[in-house]
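> My questions concern the predicted model and sequence given below.
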Amino acid sequence: MFKRATNWLETNWVTPAYAGGLLAALTICFFGAATNTMAGWLYVLSGVGVALLGVSAVLPARSIRALSVSRETILPVTAGADLEIALTVRNPTQQVQSLFQIQDLSPLSRSNPPTTTVEQVLADGTYRWVYRQPTELRGVYQWSKIALRSGAPIGLFWCQRQREATAIAYVYPQALKLDRCPLVDGIGNSERQNRQSANRHLEAANEGITRSLRPYRYGDPMRSIHWRTSARYSEFQVRELETERGGQNVTICLDSGVNWDATDFEQAVIAACTLYFYASQSTNLNVRLWTAGTGLISGARQVLETLAAVQMAESLTSEPAPYPLILLTSQPQQVATIPAGNRWVLWTPEPFTSTPRSGSLGLKIDPHQSLQQQLNSSNFASDREMPAYTRSNRDLNPELN
């Protein structure tokens, strides 16, 4: 309560430093002694003390009144790396401003905000302060205010004034490095086999279908020249034919609409990030991410920002994730409803028992083993190894809640 009152006084007016409080007490004692003894020199001492206190209470606020502060854009980092925070203080006056502190009211260290002392800022000059803020957990963090604190020039009173300097920092989840991931590779391999024959027919059907024309380059086959256009432009024009591009759409589905254990949910976010980038970079799959709060999204930046902000038990604001998918969930009953050909990753303490296979493959995460090693492994669990109480859900329609 006392600290809160002191902070309010310092922010809205001034608070006495130890020396200021001591001088105020001595001034009161001198004045009391002067009224009792009628000694003029005691009146002089008390008057000097009052003057010093008055000047010291007014000057700190005036010294930082004209200063302005701006914050540079904070670049996103991965959890565990340091954010680089850069602030610029500008002095627009024609006087040197000296001896004040800058406190960055950081959301990552509220109890002990980063602080630096500035000796002086030249007239019409600037001062740039850069510091590094460690991060531990993913998230979206918002900086809003900076405090300028001064006791200049005498140091008997402290004054603090806040400036708006908003910025948003994204701390992305880690993407684990995988040499292989059979959970994803299996989808790509099966799709590739199913499309081999179709590709041959597609290439034959596309032969002769011109997508665009371009100037002839050395080495182009003569049969690709479009003679009618070449005659019109008096230079060879080569046809570019339609070709089939892109692979199967696969959705990484993070089941964020249900309750999770906090540690398991953070692991699931890391797994979603890892699977998304592995599938994007190592396979021919068109990968998308689905969460309960955002629905389907794609693109590296959008996925990272979504995974940085996602929370468990979100409200379902979008359509259920489409198949085929890789489901990351903490609910065994969700696994029981996945059709054959899909994949799942399950976080649950429930013991597994044996049940007939229906074709969906997945991985039950062991909290005592490395997540990276488990995603690298090929030790799949099929739904023949699901919890016993989920077997009654076998006749349910395959949908996500």
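Perfect, thanks for sending it.
> Helices of this protein, residue ranges please.
2-12, 18-37, 40-65, 182-206, 227-233, 262-282, 300-309, 332-336, 371-376 (DSSP state H).
> Export only the CA atoms of the second one, formatted as CSV.
What follows is helix 18-37, C-alpha atoms only, in CSV (Å, rounded to 0.1, in the frame of the first residue of the first chain):
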residue,chain,number,x,y,z
TYR,A,18,16.1,10.2,1.5
ALA,A,19,18.1,13.5,1.5
GLY,A,20,14.9,15.4,0.7
GLY,A,21,13.1,13.9,3.6
LEU,A,22,16.0,14.6,5.9
LEU,A,23,16.2,18.2,4.8
ALA,A,24,12.5,18.7,5.3
ALA,A,25,12.7,17.3,8.8
LEU,A,26,15.7,19.6,9.7
THR,A,27,13.8,22.6,8.2
ILE,A,28,10.8,21.9,10.4
CYS,A,29,13.1,21.6,13.4
PHE,A,30,14.9,24.9,12.6
PHE,A,31,11.6,26.7,12.2
GLY,A,32,10.3,25.3,15.5
ALA,A,33,13.4,26.3,17.3
ALA,A,34,13.3,29.8,15.7
THR,A,35,9.7,30.4,16.9
ASN,A,36,10.7,29.5,20.4
THR,A,37,14.0,31.4,20.6
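> Tell me where the model's unsure across the protein.
The chain contains residues with pLDDT under 70 at 188-211, 218-219, 240-247, 351-360, 378-401.
> Nearest the middle, which residue of it would you pick?
Central residue check for the chain by C-alpha atoms, centre = their mean: the C-alpha nearest the mean position is that of Y170, 2.6 Å away.
> For it, give me its contacts.
76, 140, 304-305, 308 (C-beta atoms under 8 Å, 6 or more residues apart in numbering). For the C-beta atoms, the positions are set from N, CA and C on the backbone; glycine is no exception.
> Now render those as JSON lines, adding neighbour count and distance to I326.
As requested, these are exported to JSON lines (neighbours: other C-beta atoms under 10 Å; distance: C-beta to C-beta, whole Å):
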{"residue": "P76", "neighbour count": "17", "distance to I326": "25"}
{"residue": "V140", "neighbour count": "14", "distance to I326": "25"}
{"residue": "L304", "neighbour count": "22", "distance to I326": "18"}
{"residue": "E305", "neighbour count": "18", "distance to I326": "20"}
{"residue": "A308", "neighbour count": "22", "distance to I326": "20"}
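> re earlier: next one: the residue nearest to the centre of the chain from L328, what distance?
21 Å (C-beta to C-beta, to the nearest Å).
> Likewise for L83?
Taken as C-beta to C-beta, the span from L83 to L328 is 27 Å.
> for V269, same thing?
Applying C-beta to C-beta to V269 and L328 gives a distance of 9 Å.
> okay, and the common contacts of the two?
With C-beta under 8 Å, 6+ apart, V269 and L328 have common neighbours L254.
> which one is the residue nearest to the centre of the chain nearest to, not counting chain neighbours?
P76 (3.9 Å; C-beta to C-beta, 6 or more residues apart in numbering).
> Within its sheet, name the partner strands of the longest strand belonging to the chain and how each one runs.
In the chain, taking DSSP state E as the definition, the longest strand is strand 157-172. Strand 157-172 has its sheet partners listed here by DSSP bridges as strand 15-16 (antiparallel), strand 77-78 (parallel), strand 139-150 (antiparallel).
> Give the buried residues for stretch 342-350.
Judged by neighbour count using 16 or more other C-beta atoms under 10 Å, the buried positions of stretch 342-350 are 342-348.
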